[in-house]
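1. Quick check, what structure comes out for this input:
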Amino acid sequence: MPDLSPSSSPSPRRRKVLVSAFACHPPSGAGAVGEEKILGSGESILGWNLVKQIARSNDVWVVTQLRNKSGVERGKAAGEMTGVEFRFIDFPLWPRVLWHHQITLHFYYYFWQIRAWRTGRKLHRRVGFDLAHHVTFANYWMPSFIGAFLPVPFVWGPMGGGQRTPKGFFKGYPLIGKLEDIERGVSQWIGRTLLWSRRRCMKRARAILVCNGDTREKFPKRYQPKIRDFPVTGMEADDASLPLAPREPGSPLRILTSGRLVFWKNFAAAVEAFARFSAGGAEASFTIVGEGPESGRLNDLVDGLNLRGLVRFVPWLPQKDLWKLMRSCDIFLYPSLREGGGAVVVEAMANGLPVVCLDSAGPGFHIQEGWGIKIAPVDPPLIVRGMAEALQKLAADAALRRSMSAAARERAQDVYVWDRLGERIEKIYASIGEKGRG
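-> Predicted coordinates:
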């Protein structure tokens, strides 16, 4: 029973927090309908989980897309987000057509931010917010109009987007990949240099959260003291502690990778590294989980390298099934060139896999020496050789694999569990103050 005597210290007042979450709904499942299925799932799950964490200690109002409504209602029906108020906003017909194309989506998002600010301004007049927090999109080069113009303290992020294709790798992209990379670079340049509202966000933010070092470096030196490292991926505590499958001593090494089969994830380099590794006589298999436009080219590469009996392709798996597969494997190999968050790397860590990856962007942010091996992305042939040597090192030392497995799980449990991330957000809120000039 709580102590209600006069000497008891009063409970601290809960903050009133406005959250801007363009993407925000629980993981799509059998209950998902319509456009909810094609909203950026990683961004949406990030938005959903961070709002849940913020609401643990604060009263929360969320401004989000109308497209998220069915998912939010599904989550609320399951008992989540109790007490959180949502405002679903969209446009008349003409801007909505921009949402359906990757290139024009950022224009839609820009206009949507203006509408979100107008909604937030009306809410602020009624509620009187203590703080505003922009959560999604997790994109450093587009502004948050709520952050730029609502007169309350502002937290921006976590954000990525600063990662670019390492030098020397662009020439290996297919034509469509080169055009996409150029378009992405131009869009980033426009956002960084021409949008006054974004510059105002940097100036007004009390804290700027970034998910990798590449993004941190994109902010001017004078704003570096505001920046905090903060991942854009997390896990439930129970999911980070599932039992590992026992491994028979001397059994063939099982290597795993997973992701959308697209050019910039660089899975061809992983296949070539495995070929180089297995040519040394190692008894091993390599499983690639995923689907995408590079599937045909990767299958041809496997045939050309005479790896058909050693490499297998598995279509997309439900998340729980992928995690079960991870717990039966030995090493996670992930050669992505410009992965902002790298959620699958954190999932591999939580499921006890040492990770071999490139030392860039999200994976380079997550992996340290104790639980993985990072390869400098200096040249395509060198990374193939580096990954093959990393596989050889881990294959030859079962004790090293076990120690890295334990360290990876411990790191995931200490840093990437959603409740831990919620505690970090609350500390950030406390450190920046509440009332005062926005």
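
2. how about the lengthiest helix in the chain: buried residues?
-> Ranked by residue count and defined by DSSP state H, the top helix of the chain is helix 102-127. By neighbour count with 16 or more other C-beta atoms under 10 Å, helix 102-127 contains the buried residues 106, 108-113, 116-117, 119-120, 123-124. Every C-beta, even on glycine, is put in place using the N, C-alpha and C of the backbone.

3. where along the stretch 251-400 of the chain do the strands fall?
-> Using DSSP state E, counting those that start in this stretch, the strands of the stretch 251-400 of the chain run over residues 253-258, 284-289, 311-314, 331-334, 355-358, 372-375.

4. Would you map out the domains in the chain?
-> When the chain is parsed with automatic domain parsing, its domains come out as 15-234+417-432, 239-415.

5. Any idea which residue is closest to the centre of the chain?
-> Closest residue to the average C-alpha location of the chain: Gly341 at 3.4 Å, with C-alpha atoms, centre = their mean.

6. neighbours of the residue nearest to Pro252 when sequence neighbours are not counted, just the number please.
-> Spatial nearest neighbour of Pro252, excluding adjacent residues (C-beta to C-beta, 6 or more residues apart in numbering): Glu283 at 4.5 Å. The number of residues packed near Glu283 is 11, by other C-beta atoms under 10 Å.

7. Arg327 is in contact with Ala245, correct?
-> Yes. Taking contacts as C-beta atoms under 8 Å, Ala245 lies within contact range of Arg327: 5.1 Å.

8. The two: which has the busier surroundings?
-> Neighbour count, other C-beta under 10 Å: between Ala245 and Arg327, Arg327 has more, with 16 against 13.

9. dump the residue contacts of the more buried one.
-> Contact partners of Arg327, counting by C-beta atoms under 8 Å, 6 or more residues apart in numbering, are 242-245, 351-352.

10. Most neighbours among the residues you listed, which one is it?
-> Most neighbours among the contacts of Arg327, by other C-beta under 10 Å: Asn351, with 27 neighbours.

11. residues touching the nearest residue to that residue once chain neighbours are set aside, list them.
-> Nearest non-adjacent residue to Asn351, counting by C-beta to C-beta, 6+ apart: Met326, 3.8 Å away. Listed by C-beta under 8 Å, 6+ apart, the contact partners of Met326 are 256, 332, 347-348, 351-353.

12. picking up where we left off before, just put the strands of the stretch 251-400 of the chain in a markdown table and tack on distance to Arg192.
-> What follows is the strands of the stretch 251-400 of the chain, written out as a markdown table (distance: least, C-beta to C-beta, whole Å):
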| stretch | distance to Arg192 |
| --- | --- |
| strand 253-258 | 32 |
| strand 284-289 | 35 |
| strand 311-314 | 39 |
| strand 331-334 | 28 |
| strand 355-358 | 24 |
| strand 372-375 | 27 |
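
13. in stretch 215-228, what's buried?
-> Judged by neighbour count using 16+ other C-beta under 10 Å, the buried positions of stretch 215-228 are 215-216, 218-219, 226-228.

14. which pair in those spans the largest distance?
-> Within the buried residues of stretch 215-228, two members stand farthest from each other by C-beta to C-beta: Lys218 and Arg228, at 15.1 Å.

15. Counting by contacts, list what the strand or helix carrying Ala148 packs against.
-> Ala148 is located in helix 145-149, with elements delineated by DSSP states H and E. Applying 3 or more C-beta pairs under 8 Å, 6 or more residues apart in numbering; DSSP states H and E, we find helix 145-149 packed against strand 15-21, helix 102-127, strand 131-136, strand 154-159, helix 196-204.

16. and it, how far from the chain's centre?
-> Per C-alpha atoms, centre = their mean, to the nearest Å, the displacement of helix 145-149 from the mean C-alpha position of its chain is 23 Å.

17. can I get the CA coordinates of that helix in PDB?
-> Below are the C-alpha coordinates for helix 145-149, written out as PDB (Å, rounded to 0.1, in the frame of the first residue of the first chain):
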ATOM      1  CA  PHE A 145       7.700  21.800 -38.900                       C
ATOM      2  CA  ILE A 146       6.500  21.000 -35.300                       C
ATOM      3  CA  GLY A 147      10.100  21.200 -34.200                       C
ATOM      4  CA  ALA A 148      10.800  24.300 -36.200                       C
ATOM      5  CA  PHE A 149       7.900  26.400 -35.100                       C
END
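
18. Name the residues that touch it?
-> So helix 145-149 is contacted by 18, 20, 63, 113-114, 116-117, 120-121, 132, 134, 154, 156, 197-198, 200-201, 204-205 (C-beta under 8 Å, 6+ apart).

19. ok, now which ones touch Ile331?
-> With C-beta under 8 Å, 6+ apart, Ile331 has these contacts: 253-256, 353-356, 391, 394, 401.

20. Would you reformat the residues you listed as JSON lines and include pLDDT and distance to Asp419?
-> Formatted as JSON lines, those follow (pLDDT from 0 to 100; distance: C-beta to C-beta, whole Å):
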{"residue": "Leu253", "pLDDT": "92", "distance to Asp419": "34"}
{"residue": "Arg254", "pLDDT": "95", "distance to Asp419": "31"}
{"residue": "Ile255", "pLDDT": "95", "distance to Asp419": "32"}
{"residue": "Leu256", "pLDDT": "96", "distance to Asp419": "27"}
{"residue": "Leu353", "pLDDT": "94", "distance to Asp419": "23"}
{"residue": "Pro354", "pLDDT": "95", "distance to Asp419": "25"}
{"residue": "Val355", "pLDDT": "95", "distance to Asp419": "23"}
{"residue": "Val356", "pLDDT": "95", "distance to Asp419": "29"}
{"residue": "Leu391", "pLDDT": "95", "distance to Asp419": "35"}
{"residue": "Leu394", "pLDDT": "94", "distance to Asp419": "31"}
{"residue": "Arg401", "pLDDT": "92", "distance to Asp419": "29"}
